[in-house]
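S.K.: Have a look; sequence and predicted model below, questions after that.
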Amino acid sequence: MAGKAKIKKSRGQIYDIWRAMRSNKLTMACLIFVLFLIFLAVFADVLFNYETDIIAQSIPDRLQPPSALHWFGTDAFGRDYFGRVVYATRITMIIAVLATLGGSVLGILIGSLSAYYGGKIDAAIQRILDVIISIPQILLIICVVTVLGGGVRNLIIAFIFSMTPGFSRVVRSTVMVTRENEYVEAARAVGASDLQIIVSHLLPNSLGPLIVQATMSISLCILSTAGLGYLGLGVAAPQPEWGLMLSEAQEYMRTEVYLILFPGLAIVLSAVAFNLLGDGLRDAMDPRLRGFRRKKRSIFRKRREAVRG
Amino acid sequence: MWKYIVKRLLLLIPVVIGVTFLVFVIINLKPGDPGRMILGISATQEAVDEYNTELGLDRPFLVRYADYMSHLVRGDFGLSWYGSEPVLPKILHLYPATLKICILAILFAMGVGIPLGVLSAVKQYSLADRIASTFAMILASVPMFWLCLLMTLLFSVHLKLLPSFGLTSWKHYIMPMIALGSNTLGLSIRLTRSSMLEEIRQDYVRTARAKGAKEKTVIFTHALRNSLIPVVTACGTNFSLLLGGTVFVEAVFAIPGLGNFLITAVTKKDIPVVMGCVVILAISVVIINLIIDIVYAYLDPRIKSKYQGSIRRRRRKAVE
């Protein structure tokens, strides 16, 4: 490891990751698109007036094809489709981000406790998670939604419930590995409490895999929200939501193709963006893909050759 | 090997109990007032209360669970709240259609995905590789029901080639198969590509080439066989996703299957039916995973020898 400083002066891990990410154009494009989605989600209320632009019906204007006035046309109730597609970003993003946040916080809590204490607590928690994981995720969500009903809040609860096991597995596996390190023992020797060790020594190591898992989960949430909306179990009308809009548009899809095109494209684009961002992040965080491995190998080869020679 | 199978089968029991318990807990968190829902607003409060008592909702939670389980092990999934039809025969009647679509979808995903993945890996960074990789990425993020709608529009409305609903002839299976298999197809392309890329850099592949084996033999009989192991496992575990996905596909194509039955029950809040469907689907996922594990252990000599190794070690210990 002594040679590492000679090979490359590191300006910290986050800088390295950022540099690796910046070199990948596709990841950067996705990052920009994701930031754009977040911008739309935050400022949707400023861009559109919910009462007059989004849900107000105007029957004379119904089913107009895309034009300069209505970029995406109008739906069966004469509402501007562009506004609804954009505003739906807000609802979807709120659900996806809050659910992922909740899932990861619970996952960190359960995963780190389970891995840190090990033994019977770990075994018990893992068996419970095994059970949750063995039920298809969408069925679990449907079960929760059956009981609680649809709506943004209940969807978030259902997603958190179904995603927590995945997050806690990720945290658990990294904590299990780092727990064995000597610096953890050293921290314990100087009198750090369990909480201190978990928070400042063990969790930072799980952060990378956790962030990757989170971006992928957001994409999964976007797809599930749309799916539930389509089935009529998700966000309730007249709120705009991509899946719900698709199910409303199905009736007219034979003549007005644009009605099923735009919300669908919105779903696919945002899901792809988050998935690719997750992929890019994973690659950027993997030191083996940042060109360190080759150099290390060549050092070993040089040494080997030196020994042989 | 038999010992392993029996052990895995025994491990199935706590999982099944756990799954039923979890689903039961979720569904009974807030049972609502089924009597009022079924009898309507005009019914008197006495009639509603009497109906709820008849359904056994006044009893404590654990008693109800024990009662449900004791009926379940005897193959009695209870009666639907609407129409008082027994749940299990109905489920068994609808299940084959759902299972057929799932199996077709997974065969489609692997049948198309593995060759594309191999092509992509062998010709890395070529145009074909880029197209296949992009295709895989998009497929993994397309909502199934939207794909169903687009296909209906193209193949049923415009080209008039395929029927858009029902399940009577072989033509009816094509669109559900493609839509349901789409996500798994994306996954299998990506996985085959990455595991192939890893395998073709292995020493044994170089040895095979050095021996003068044809490129075709090297790729298909040496590298592919090893790289298929993770792909098959992942597609197997994806079966759970497929069974969940039938909910969407069956809803769009109006297929009389378990997924459609479940959604109708959910919208009506028909708890015994929801419970029955989810339990059956969850148990089938567990059983399918078990079958995959067993087949996997049987096919992969490394896993087999690992297991046999442990027996040998145990025997050696016993001798010592």
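M.R.: All right, it came through fine.
S.K.: Just the strands from the stretch 1-150 of chain B, written as ranges.
M.R.: In the stretch 1-150 of chain B, no strands are defined using DSSP state E, counting those that start in this stretch.
S.K.: Tell me where it has helices.
M.R.: Assigned by DSSP state H, counting those that start in this stretch, the stretch 1-150 of chain B shows helices spanning B:2-28, B:34-39, B:45-54, B:61-72, B:87-122, B:127-140, B:144-151.
S.K.: got it, and the stretch 151-300 of chain B?
M.R.: Remark: helices assigned in the stretch 151-300 of chain B by DSSP H, counting those that start in this stretch are B:171-199, B:203-210, B:215-217, B:224-237, B:239-253, B:258-268, B:271-299.
S.K.: from these, which stretch is densest packed?
M.R.: helix B:239-253 (a mean of 25; mean count of other C-beta atoms under 10 Å in any protein chain shown). Any C-beta I mention is one placed from the backbone N, CA and C, and that applies to glycine too.
S.K.: Are it and chain A in contact anywhere?
M.R.: Yes - shown here: helix B:239-253 in contact with chain A (C-beta under 8 Å from any C-beta of the partner chain) through B:Ser240, B:Leu241, B:Leu243, B:Gly244, B:Gly245, B:Val247, B:Phe248, B:Ala251.
S.K.: which of those residues sit farthest apart?
M.R.: Farthest pair in the residues of helix B:239-253 next to chain A (C-beta to C-beta) is B:Ser240 and B:Ala251. Separation: 18.6 Å.
S.K.: Now tabulate the helices of the stretch 1-150 of chain B in a markdown table and tack on mean pLDDT and distance to A:Arg179.
M.R.: Formatted as a markdown table, those follow (pLDDT from 0 to 100; distance: least, C-beta to C-beta, whole Å):
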| stretch | mean pLDDT | distance to A:Arg179 |
| --- | --- | --- |
| helix B:2-28 | 82 | 27 |
| helix B:34-39 | 73 | 49 |
| helix B:45-54 | 80 | 51 |
| helix B:61-72 | 86 | 37 |
| helix B:87-122 | 91 | 37 |
| helix B:127-140 | 89 | 34 |
| helix B:144-151 | 91 | 40 |
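S.K.: for whichever strand or helix holds A:Ala99, packing partners?
M.R.: A:Ala99 is part of helix A:81-117 when elements are defined by DSSP states H and E. When contacts are defined as 3 or more C-beta pairs under 8 Å, 6 or more residues apart in numbering or on different chains; DSSP states H and E, helix A:81-117 packs onto helix A:25-47, helix A:119-134, helix A:152-179, helix A:203-231, helix A:242-249, helix A:258-285.
S.K.: one more time with 10 Å
M.R.: In terms of contacts (3 or more C-beta pairs under 10 Å, 6 or more residues apart in numbering or on different chains; DSSP states H and E), helix A:81-117 is packed against helix A:25-47, helix A:119-134, helix A:152-179, helix A:194-197, helix A:203-231, helix A:242-249, helix A:258-285.
S.K.: quick one: buried residues of that helix?
M.R.: A:81-100, A:102-104, A:106-108, A:110-116 (16 or more other C-beta atoms under 10 Å in any protein chain shown).
S.K.: Close to chain B: what parts of the stretch 1-150 of chain A are there?
M.R.: Applying C-beta under 10 Å from any C-beta of the partner chain, we find that the stretch 1-150 of chain A lies next to chain B at A:26, A:127-128, A:130-149.
S.K.: Mind doing that once more with 8 Å?
M.R.: A:127-128, A:130-132, A:134-140, A:142-148.
S.K.: try the stretch 201-309 of chain A
M.R.: Checking the stretch 201-309 of chain A against chain B by C-beta under 8 Å from any C-beta, the hits are A:219, A:223, A:226-227, A:230-233, A:243, A:246, A:250, A:253-254, A:257, A:260, A:264, A:267-268, A:271-272, A:275-276.
S.K.: What subset of these is buried?
M.R.: Buried members of those, counted by 16+ other C-beta under 10 Å: A:219, A:223, A:226-227, A:230-233, A:243, A:246, A:250, A:253, A:257, A:260, A:264, A:267-268, A:271-272, A:275-276.
S.K.: Nothing else from me, thank you.
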